[in-house]
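In: requesting a structural model of the entry that follows:
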Amino acid sequence: MIFLAVVAFLCSLIGAGFIVRRMRGHAKRYGKDLPQRFHMGNIPRLGGLAMFASLVLTVGVAGVQNWWGYYGNALHWNQWVLFFFIAMLPAVAGGIAEDMTQRMTVRYRLVLTLLTGLLAVYLLGMTVPRMGLVWLDAALSAAPWLGMALAVLAIAGLPHAFNIIDGYNGLAGMVAVIICAALTHVALQLGDRELAAILVITAAATLGFMFWNYPMGQLFAGDGGAYVWGIVIAFCSITLVQRHPIVSPWFPMLLLIYPVWETMFSIYRKLARGDSPGMADALHLHQLIYRRIVRSVLDENAARRMLRRNNRTAPYLWAFTLLTVVPAVLFWRNTYILIGFCALFCVSYVAAYLVIVRFKLPGWIR
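Out: Below is the predicted model:
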């Protein structure tokens, strides 16, 4: 598994470096007046291409090892792994196409992520088998299609949730690494080395990308990168709950509550103002932290000043994520404790949002 992680890291690192040096042309299409833009210059947004290519190449290396008769790498080339990556293709291809052309509307990308969810249900048999609550579990047992619908909804929605929080250097990438590490920890405790291997190579590929992304901001993950993170984590979360009845379905929910709640709160906020949920704005929590918490950096160069403020934003949200990941890892079998922490996070998020909006921040936070 360590060998595969090294392969994934190096493939992503080299691939991302090639994109930084040779594939900047498409970045000129990215509008300079968009509300979610917090950088200067034309920065390529094809980090997702580098990470996905790294995952495919690493799985190919594992397949070659299997062909040579070596099966000690935990990731065996089988039908499930093949279908795993086939199901990913529609959403990832749509995200990369958007990064290249800036012409894929939110509606088309949502359709492609829905198609990925449907393929996961059809090819991999993914479903949400239980919710840890008696009345919900009874409903899922009586109507199995409800579990399939929940799986499709989760798979289609999580990539867009990661796309929403992907606003500053290192933010979404480190959140993905932290969540992958937590899922790997539980998967290894349960002896599921295949699932752990996929999560480990995803984290390694992400770290290879982040070498170029944080702190210098030479490459962005783009929609393709957010979709790679969202789909892999959604697939692995659902599979972990399916394969191991001891795992509470609220364990991955608490791990992912930050991007999920950010998305739900964003939809509510836009609908309350009479705007379309698909319309981009600059009022997400990470953007408010950038504007109202992170202090301006004294620097004569405007681009360098913006970059430094950008880099100071992500650590606030890394800490915020750890506040949910730590209890999730500690109580991954206890549904009611996990539900309590989910509710606590939602309340804390709204309270923090209101404090920032109303300029009532205590000085020590700054």
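In: buried residues, the longest helix anywhere in the chain. List them.
Out: Longest among the helix segments of the chain by residue count, using DSSP state H, is helix 302-330. Counting neighbours by 16 or more other C-beta atoms under 10 Å, one finds that the buried residues in helix 302-330 are 306-314, 316-317, 320-321, 324-325, 327-329. The C-beta positions use only the backbone N, C-alpha and C, and glycine is treated the same way.
In: what does stretch 261-268 give?
Out: Trp261, Glu262, Thr263, Phe265, Ser266.
In: and for stretch 211-227?
Out: Buried-residue list, stretch 211-227, by 16+ other C-beta under 10 Å: 212-214, 217-227.
In: end to end, how far does it reach?
Out: Stretch 211-227 has an end-to-end distance of 19 Å (C-alpha to C-alpha, to the nearest Å).
In: quick one: average pLDDT of that stretch?
Out: Stretch 211-227 shows a mean pLDDT of 89.
In: same question for stretch 273-286.
Out: Mean predicted lDDT for stretch 273-286 stands at 75.
In: so where do the helices sit in the chain?
Out: Going by DSSP H, the chain shows helices at 2-22, 47-67, 79-101, 106-124, 134-142, 144-165, 171-189, 193-213, 222-243, 250-255, 257-272, 285-292, 302-330, 335-357.
In: switch these over to TSV; also include distance to Met279.
Out: TSV is the format used below for these (distance: least, C-beta to C-beta, whole Å):
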stretch	distance to Met279
helix 2-22	29
helix 47-67	23
helix 79-101	16
helix 106-124	9
helix 134-142	33
helix 144-165	12
helix 171-189	20
helix 193-213	26
helix 222-243	16
helix 250-255	27
helix 257-272	6
helix 285-292	14
helix 302-330	22
helix 335-357	19
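In: among those helices, which gets the worst mean confidence?
Out: Set side by side, the helices of the chain give their lowest mean pLDDT on helix 285-292, at a mean of 73.
In: what packs against that one?
Out: On a contact count with 3 or more C-beta pairs under 8 Å, 6 or more residues apart in numbering; DSSP states H and E, helix 285-292 meets helix 302-330, helix 335-357.
In: relative to helix 302-330, how tilted is the last one?
Out: Translated: helix 335-357. Orientation check (axes from the mean of the first three to the mean of the last three C-alpha atoms, to 10 degrees): helix 335-357 against helix 302-330 gives 160 degrees.
In: now do helix 335-357 and helix 257-272, the angle between them.
Out: Using the same axes, to 10 degrees: helix 335-357 against helix 257-272 is 50 degrees.
In: now the angle between helix 285-292 and helix 335-357, please.
Out: 30 degrees.
In: which other helices and strands contact helix 335-357?
Out: Packing partners of helix 335-357 (3+ C-beta pairs under 8 Å, 6+ apart): helix 250-255, helix 257-272, helix 285-292, helix 302-330.
In: distance to Met174 for these - can I get that in TSV?
Out: Shown next, in TSV, are the helices and strands packed on helix 335-357 (distance: least, C-beta to C-beta, whole Å):
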stretch	distance to Met174
helix 250-255	14
helix 257-272	12
helix 285-292	12
helix 302-330	5
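In: Ile198 is nearest to which of the ones you listed?
Out: helix 250-255 (14.5 Å; C-beta to C-beta).
In: packing partners of the closest one?
Out: Looks like helix 250-255 contacts helix 171-189, helix 222-243, helix 302-330, helix 335-357 (3+ C-beta pairs under 8 Å, 6+ apart).
In: the longest one to helix 171-189, inter-axis angle?
Out: When you say that, I think you mean helix 302-330. Using the same axes, to 10 degrees: helix 302-330 against helix 171-189 is 20 degrees.
In: so how far is helix 302-330 off the chain centroid?
Out: 14 Å (C-alpha atoms, centre = their mean, to the nearest Å).
In: please apply the same query to the shortest one.
Out: When distances are taken as C-alpha atoms, centre = their mean, helix 171-189 is centred 10 Å away from the chain's centroid.
In: in that helix, which residues are buried?
Out: 171-180, 182-184, 186-188.
In: that older thread, and the helices and strands packed on helix 335-357: which comes nearest Phe52?
Out: Here helix 257-272 is closest among the helices and strands packed on helix 335-357 (C-beta to C-beta), at 19.2 Å.
In: contacts for that closest one?
Out: Taking contacts as C-beta atoms under 8 Å, 6 or more residues apart in numbering, the residues outside helix 257-272 that touch it are 157-158, 160-162, 164-165, 172, 175, 253, 276-277, 279, 281, 283-285, 317, 320-321, 324, 342, 345-346, 349-350, 353.
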